[in-house]
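Peer 1: Quick one, what's the 3D model for this:
(one chain, ligands or ions: 1)
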Amino acid sequence: ISALSKMRNIVLTGFMGTGKSSVGKLLAQRLGFRYCDLDARIVEEEGISINEIFSRHGESHFRALETSAVRRLAQEQQCVVSTGGGAVIAPENRRLLMEAGVVVNLTASVEEICRRLREETDRPLLRDNRSEEHIERMLAEREPYYAHAELRIDTTGKSVEDVVAEIIVYL
Ligand code: S3P
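Peer 2: Presented below is the predicted three-dimensional model:
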């Protein structure tokens, strides 16, 4: 990877189920970078699950915690960061994520996302509705925000290894 990439962070964005965490962990290992999962950080700091944060305090409270976690990325270096699927919605977050490093957006087909999230229980936004129509609608709303990335990779039908290799070639 280039000297410039070595001085920055790699920020993974993408819808739920696009593989940000699995790709992030392996990518960090391959690059010798630290791995940082923004949602896991929030859960650790709050001491309750994402579901509980949503049900006790509401989505807007979660978004505020998320923005505060994104702000703190400015202090990081050589970190592979996986963000929550909605982290790109707030304009401030998008700006901060781009400043924090190389933004890589992972995508997958609606069918693949549904398959990967079938057994899902800690995703409050999909608790009541996991249909392809619902996911398609959310994807369409968020598409302009995901499209901001420097690099976009379709993970449909690919292994974690394949996706990591594609990212490394780009860096
Ligand atoms: C969300 C995605 C989740 C988590 C929260 C909200 C979203 O992260 O941040 O449930 O708005 O898409 P993952 O993308 O890691 O599932």
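
Peer 1: Wait, Val104 touches Ile10, no?
Peer 2: Yes. Contact criterion C-beta atoms under 8 Å: Val104 and Ile10 qualify, at 6.2 Å. Bear in mind the C-beta positions are built from the backbone N, C-alpha and C, glycine included.

Peer 1: Around the ligand, pick out the residues from the chain.
Peer 2: Within reach of the ligand by C-beta under 6 Å from any ligand atom, the chain has these residues: 16, 20, 39, 50, 84-86, 123-125.

Peer 1: In terms of neighbours, single out the busier of Val104 and Ile10.
Peer 2: Neighbour totals were compared for Val104 and Ile10, and Ile10 leads with 28 against 25 (other C-beta atoms under 10 Å).

Peer 1: most residues in a single helix of this protein, which one?
Peer 2: The single longest helix within the chain, with elements called by DSSP state H, is helix 132-146.

Peer 1: If you count neighbours, what's buried in that helix?
Peer 2: Going by neighbour count (16 or more other C-beta atoms under 10 Å), the buried part of helix 132-146 is 135, 138-139, 142, 145-146.

Peer 1: In the residues you listed, find the pair that's most separated.
Peer 2: For these, the maximum inter-member distance is 15.8 Å, found between Ile135 and Tyr145 (C-beta to C-beta).

Peer 1: Give me the pLDDT for the nearest residue to Ile42 once chain neighbours are set aside.
Peer 2: Leaving aside its sequence neighbours, Ile42 sits nearest to Leu65 (C-beta to C-beta, 6 or more residues apart in numbering; 5.0 Å). Leu65 is assigned 98 on the pLDDT scale.

Peer 1: Tell me how many other residues surround Leu65.
Peer 2: Leu65, neighbours per other C-beta under 10 Å, totals 19.

Peer 1: Tell me which residues of the strand or helix carrying it come out buried.
Peer 2: Per DSSP states H and E, Leu65 falls inside helix 59-71. Buried residues in helix 59-71, counted by 16+ other C-beta under 10 Å: 62-63, 65-66, 69-70.
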